[in-house]
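Enquirer: build me a model from this:
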Amino acid sequence: MTVQPENLSPAQDGNVPDPGSIMQTATAFWASKALLTAVEFDLFTRLGTRSMTAEELGCDLGIHPRGRYDFFDTLVALGFLQRAGDGPAGQYQNTPATAVFLDKTSPHYIGGLPKMLNSRLFGFWSHLGDALRTGQPQNEMRLNGKPMFEELYADEARLGEFLSAMTGLQAGNFAALAERFDFSGYGSVTDADGALALLSRIIGTRHPHLSFTTFDHPPVAPLASYAQKLVTA
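Expert: Next up is the predicted model:
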């Protein structure tokens, strides 16, 4: 009869669990930061429909030669770029997904959200421990005590980035609404807190018989007007 010692750890009794999910989550920010930085550089937009070598793409983006191959090949390994060939002659291209969603010329562009995640939220999350210890906000209020939206509305560039992020986040839902909801019995749509008026623009393209009223806080108006001009230009 074999007696098993009590209170053995999994490692001691030979039944060792897989640490893969722990390590994958612990290092997930590596992959995330690579993608967010590529969006920061507008890499996918600059590539567009072209194929470029590491030297060509690196020069175009202003990336130092030391990091070009590692950075671009990391994006290949993560599935965000395609590469044909090896070494200096290798040609990098967008994947079907990055061409649709991360090229600014695409009507389905969602890169505004990754840009805000990179420039604004990525840093805030590094203070999660402080938030848990103190119970205090770690966003803009951490620096000067002002509420988030007061800060955003005071800085047109940061407000534009925020609105672009929200636009990218909501575009798919707006397109689904325009396609699936029966607007034939309606003559107008009002969009409160309409940001860059994307909802009105998407539904209006699908249902031209409608008229639209979109409104938001006054600082948003110039940015919404500029977005509309870009669409109609």
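
Enquirer: how about the residue positioned nearest the centre of the chain, secondary structure?
Expert: Averaging the C-alpha coordinates of the chain gives a centre point, and the residue nearest to it by C-alpha atoms, centre = their mean is Pro114 (2.1 Å). Per DSSP: H, G, I helix; E, B strand; the rest coil, the secondary structure class of Pro114 is helix.

Enquirer: excluding its backbone neighbours, what's nearest it?
Expert: Val39 (4.2 Å; C-beta to C-beta, 6 or more residues apart in numbering). The way it works is simple: take the backbone N, C-alpha and C, and place the C-beta from them, glycine included.

Enquirer: and the one you found, what does it touch?
Expert: Contacts for Val39 were tallied using C-beta atoms under 8 Å, 6 or more residues apart in numbering; they are Leu102, Gly111, Pro114, Lys115, Asn118.

Enquirer: quick one, what contacts the third one?
Expert: By C-beta under 8 Å, 6+ apart, the residues touching Pro114 are Leu35, Leu36, Val39, Leu102, Gly168.

Enquirer: how about the helix ranked longest in the chain: buried residues?
Expert: Secondary structure assigned by DSSP state H gives helix 156-180 as the longest helix of the chain. Within helix 156-180, the residues that qualify as buried are 158-168, 170-171, 174-175, 178, counting by 16 or more other C-beta atoms under 10 Å.

Enquirer: tell me which residues of whatever helix or strand comes next after that helix are tucked away?
Expert: Next in sequence after helix 156-180, counting helices and strands by DSSP states H and E, comes strand 188-192. Along strand 188-192, the positions that meet the burial threshold by neighbour count (16+ other C-beta under 10 Å) are Val189, Asp191.

Enquirer: likewise for stretch 68-86?
Expert: Applying a neighbour-count criterion of 16+ other C-beta under 10 Å, the buried positions in stretch 68-86 are Arg68, Phe71, Phe72, Asp73, Thr74, Leu75, Val76, Phe80, Leu81, Gln82, Arg83.

Enquirer: Tyr153 is in contact with Pro222, isn't it?
Expert: No. At 11.9 Å, Tyr153 does not count as touching Pro222 under the criterion of C-beta atoms under 8 Å.
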